[in-house]
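Asks: Next input, structure requested:
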Amino acid sequence: MVNSIHHFLAQSGHKNEMYIQGVSTRKVNAILSELCGFEVTSSEVSRAIKELDEQLESWRKRELGHYVYLILDARYEKVRVGFYFYSKIIFLFKN
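Replies: Model prediction:
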């Protein structure tokens, strides 16, 4: 049954939203009952949430590896050329 819950929530895109908002097991059961036509127990919902917690924790602690980066920024400055002033862009970078 937990796989059915995960499958429905993954397909519908509501899993993360429900998780972030802290939706209660009663509300999850009501949503699944209305949309899918089956009911789940609070222990099944709790087990699914526990699995989500484990997946989230492993994602948070994953190795990111080594990334090369380049920081770019730009700004406009007034530059005088002869008797005229022009807005010129200045690029700033750091790697």
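Asks: What are the contacting residues of stretch 64-72?
Replies: Phe91, Leu92, Phe93, Lys94, Asn95 (Cβ atoms under 8 Å, 6 or more residues apart in numbering). In this view, the C-beta of every residue, glycine as well, is placed from N, C-alpha and C.
Asks: so what's the backbone phi/psi at Gly82?
Replies: phi 70, psi -120 (degrees, to the nearest 10).
Asks: What's the separation between it and Glu63?
Replies: Gly82 sits at a distance of 57 Å from Glu63 (criterion: Cβ to Cβ, to the nearest Å).
Asks: before we move on, what about Cys36?
Replies: Remark: distance between Cys36 and Glu63 (Cβ to Cβ) = 37 Å.
Asks: try Ser43
Replies: In this view, Ser43 and Glu63 are 34 Å apart by Cβ to Cβ.
Asks: can you check Asp73 too?
Replies: 29 Å.
Asks: list the helices and strands the longest helix along the chain packs on?
Replies: Looking across the chain with DSSP state H, the single longest helix is helix 42-60. The contact analysis (3 or more Cβ pairs under 8 Å, 6 or more residues apart in numbering; DSSP states H and E) places helix 42-60 against helix 2-12, helix 15-21, helix 25-36.
Asks: ok so, going back, more neighbours: Cys36 and Glu63, which one.
Replies: Each of Cys36 and Glu63 has its neighbours counted (other Cβ atoms under 10 Å); Cys36 has more, 14 against 5.
Asks: So for stretch 42-60, what gets flagged as buried?
Replies: Glu44, Val45, Ala48, Ile49, Leu52 (16 or more other Cβ atoms under 10 Å).
Asks: and stretch 28-43, what's its mean pLDDT?
Replies: The average pLDDT for stretch 28-43 rounds to 74.
Asks: Please apply the same query to stretch 76-89.
Replies: pLDDT averaged over stretch 76-89 gives 93.
Asks: One more: stretch 64-72?
Replies: When pLDDT is averaged along stretch 64-72, the result is 84.
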